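In: curious how this folds, go ahead:
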Amino acid sequence: MTLTSHALTRPASTTEAVLRRLVARVPGSSGATWKLTEVYTGETLVELPQSTPSDIEQAFAVAREAQRKWAAMPVKERLAVFKRAHTIFVDNARAVADLIQVESGKNRRMAIEETCDPPMVMSHYLRRAARLLAPRKRGGPIPLLTTSTEIRRPKGVVGVIAPWNFPFATGISDAIPALMVGNAVVLKPDNKTALSPLYGVQMLEEAGLPKGLFQVVCGEGPDVGPTLIDNADYVMFTGSTATGRVIGERAGRNLIGCCLELGGKNPMIVLEDADLAETVQGAIFGAFGNTGQICMHIERIYLPESRYDEFKNAYVAKTEALDVRAAYDFGPDMGSLVSVDHLRRVKAHVDDAVAQGATVLCGGKPRPDLGPAFFEPTILEGVTKDMLCGVTETFGPVVALHKYRTVDEAVELANDTDYGLNASVWGGDVDAARAVASRIESGNVNINDILATAYAAKGTPSGGVKSSGVGARHGDQGLLKYTDVKNVALLKKQVMGARPGQSYEKYVEGVLSGLKLMRRFRIR
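Out: Presented below is the predicted three-dimensional model:
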C-alpha cells in the first residue's frame, strides 16, 4: 500500500482568527480549556473552553427564552431560514471540509461527503415538515357528532450529543428537524471535533436562525452530560452502546424521551453469484471508509467457501494498493484515526486477535511516520468470538474474513451478535439477495451497497435494533420525535350516556349494535 509522509500546509480557511471566533461561542466560566489539535500533526490548533454545570444551565435558560418566540412563528417562516441555509451550506462546503479534516484527520473525500448531509436533511424536511406539522382532523367515536384533531407542538429544548466520527453531519443534521418544528437546541459535540459544528451554527444564524436558539456547550461526557440531560426536554445521542445505556437510564428517570443511535458489529454477506470487482470495491469502503470510524461500517465479511480464496486474494491486493497518508486534497484513499487514544484501542484489538491465533493478511500496525494516529488498513482471518474484535466494535480500519457453507449458516453467523445497526448483502440475483436481507436482524440492510443507500434515503427511518439503539433519525419519525401530540376532541351534542327515561341496559344495547354497524360499514 502507498504509505508516504509529506509536508503539510493547513488550509487557509482554518486560520487562528477563524478558530478563535468559533470557540468564542462556547461558554466556559471556569477558564478551563481543552487543547484542540490538528490530528495529522498533533499540533495545538486552539484552546476550547470547557463548560461548567452553571454554564450549561445558563445556555438552556437562553435557549428557552429564544424558543418561545421561535415556536410562535408560523411554520412557513421557520422553514424559510432553512431554504436560505441550504444555499449557504452548499456554498461553504469546502471550508467546512477543511475544518472537518483538521479536527478529525479523515481524508478529503469523506470530509466533503460529510458536508453534504445537512443540506440533504434540510431538503427532505423542507418538502415534508409543513405537512407533518399541520393539524390533522380525524373522526371521533360517534360519527358526525364528534371529531378529534391531532396537533403537534415542539418539546422545548432538545439536547443533542454528537460523536467525533461525523461531528458536522450528526451535530447539525440531528438538530435541523428539531429546530424546524419549533424547538431550541443545546448541542454537546465531542471536544476533539467541536469546530465544524460550531461553524454550522454560525451558518444557520447567517441564514436567519435567531441568536441564542442554538447553543453549544463543551466538555467531557461525565462532566457535561448529566446537567445537559437534566435540563433537556428530549435527548438525541449518537455514540457507544455503553454510554447510550447511561443516557437512556437518566432520560428515563427524568421522564423525557430519547433517541439513541449506538454501536454496531456490522456483517457483510457475499453470495455465490456476486460480482467480484464490485463486491471487493464495496468491501474496501465498507471496512476502510472514514478509516473504519463509521457506526454502520463493516467489521465482518462472510464469504462462500467456493469463492473465499478468489475474494481474499483480490481484496488483499486492493487493500495493499490503497493510498494512505495525510493530505488536504482528494488524493488519499484513507486518512488518520481521530486520536492516539483511539489508535491504542484499535491496536489492542488487533494484538489480542493475533495473540489468540488470528492471521494478519495485510496491515496490522500503527504508522507513526505518517502521523500520530495512523493505522494501516488491516484484514484478518481466523477471528473467533473469544477475541475482542470478534464480538466488540473495533471502530477502526480492521475487518475479519469468514467462510460459510450454506446461506442459512451465513445468516446465522451474521445474526450472532448483540448488535443490529447495519448489514450488507451482495449478489447478482437481487430477489435472492433481498430474501437474505429480510432474514438479517438489523435496522438497516443494504443490497449491493455498504451503507450510503440506506443512510442517504432521508425519507426512510434509520436506526438500530437490539443493542444498537432506540428510535431513529430520518423519515417522518425523525422529525415527529421532536414533537409532543395534543389531542383536541370536540363533542357537538351531548349524546354520550343514557337519555332521560332510558334504562342503561337499553343504552348499552344501542352502543353494542352501533359498534357492529360501524365495523360492517367501515365507518370506525
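In: strands of the stretch 201-350 of the chain, residue ranges please.
Out: Counting by DSSP state E, counting those that start in this stretch, one finds strands in the stretch 201-350 of the chain at the ranges 214-216, 234-238, 257-261, 266-270, 298-304, 323-324.
In: nearest residue to Lys492 in space, please, no chain neighbours.
Out: The shortest distance from Lys492 to any non-neighbouring residue, by C-beta to C-beta, 6 or more residues apart in numbering, is to Leu145 (4.9 Å). Where C-beta positions appear, they are placed from N, C-alpha and C, glycine not excepted.
In: residues contacting the one you found?
Out: By C-beta atoms under 8 Å, 6 or more residues apart in numbering, the contact set of Leu145 is Leu491, Lys492, Lys493, Val495.
In: among those residues, which are in strands?
Out: Those of the contacts of Leu145 mapping onto strands are Leu491, per DSSP state E.
In: quick check, nearest of the contacts of Leu145 to Glu393?
Out: Leu491 (53.9 Å; C-beta to C-beta).
In: that closest one and Gly140 touch, don't they?
Out: Yes - with contact defined as C-beta atoms under 8 Å, Leu491 reaches Gly140; the gap is 7.3 Å.
In: who wins on neighbours among the contacts of Leu145?
Out: Among the contacts of Leu145, Leu491 has the most neighbours (other C-beta atoms under 10 Å), with 13 neighbours.
In: Gly363 against Pro397, yeah?
Out: Yes - assessed by C-beta under 8 Å, Gly363 is found in contact with Pro397 at 7.3 Å.
In: list the residues that contact both of the two?
Out: With C-beta under 8 Å, 6+ apart, Gly363 and Pro397 have common neighbours Phe375, Glu376, Pro377, Thr378.
In: neighbour-wise, which of Gly363 and Pro397 wins?
Out: Counted by other C-beta under 10 Å, Gly363 and Pro397 do not tie: Pro397 has more neighbours, with 27 against 24.
In: could you list every residue that touches the more buried one?
Out: By C-beta under 8 Å, 6+ apart, the neighbours of Pro397 are Ala287, Phe288, Thr291, Gly292, Met334, Leu337, Val346, Gly363, Phe375, Glu376, Pro377, Thr378.
In: and for the last one, the neighbour number?
Out: Yep, that's Thr378 we're talking about. 27.
In: quick check: bridge partners of it?
Out: Val398 (DSSP bridges).
In: which residues touch it?
Out: Val350, Val360, Cys362, Gly363, Gly364, Pro397, Val398, Val399.
In: again, but for Leu19
Out: Neighbouring residues of Leu19 by C-beta under 8 Å, 6+ apart: Leu36, Leu45, Val46, Leu195.
In: so which elements touch the helix of greatest length in the chain?
Out: When the chain is scanned for its longest helix (criterion: DSSP state H), the result is helix 53-72. Helices and strands touching helix 53-72, by 3 or more C-beta pairs under 8 Å, 6 or more residues apart in numbering; DSSP states H and E, are strand 146-154, strand 157-161, strand 184-188, strand 214-216, helix 221-231.
In: and those as a markdown table, adding mean neighbour count?
Out: Below are the helices and strands packed on helix 53-72 laid out as a markdown table (neighbours: other C-beta atoms under 10 Å):
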| stretch | mean neighbour count |
| --- | --- |
| strand 146-154 | 16 |
| strand 157-161 | 28 |
| strand 184-188 | 27 |
| strand 214-216 | 25 |
| helix 221-231 | 19 |
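In: and Val23, which of those is closest to it?
Out: Set against Val23 and scored by C-beta to C-beta, those come closest in strand 214-216, at 9.4 Å.
In: mind listing what the closest one pairs with, with the direction of each?
Out: In the sheet, strand 214-216 lines up with strand 184-188 (parallel) (DSSP bridges).
In: now the angle from the partner strand to strand 157-161?
Out: Inter-element angle recorded for strand 184-188 and strand 157-161: 20 degrees (by axes from the mean of the first three to the mean of the last three C-alpha atoms, to 10 degrees).
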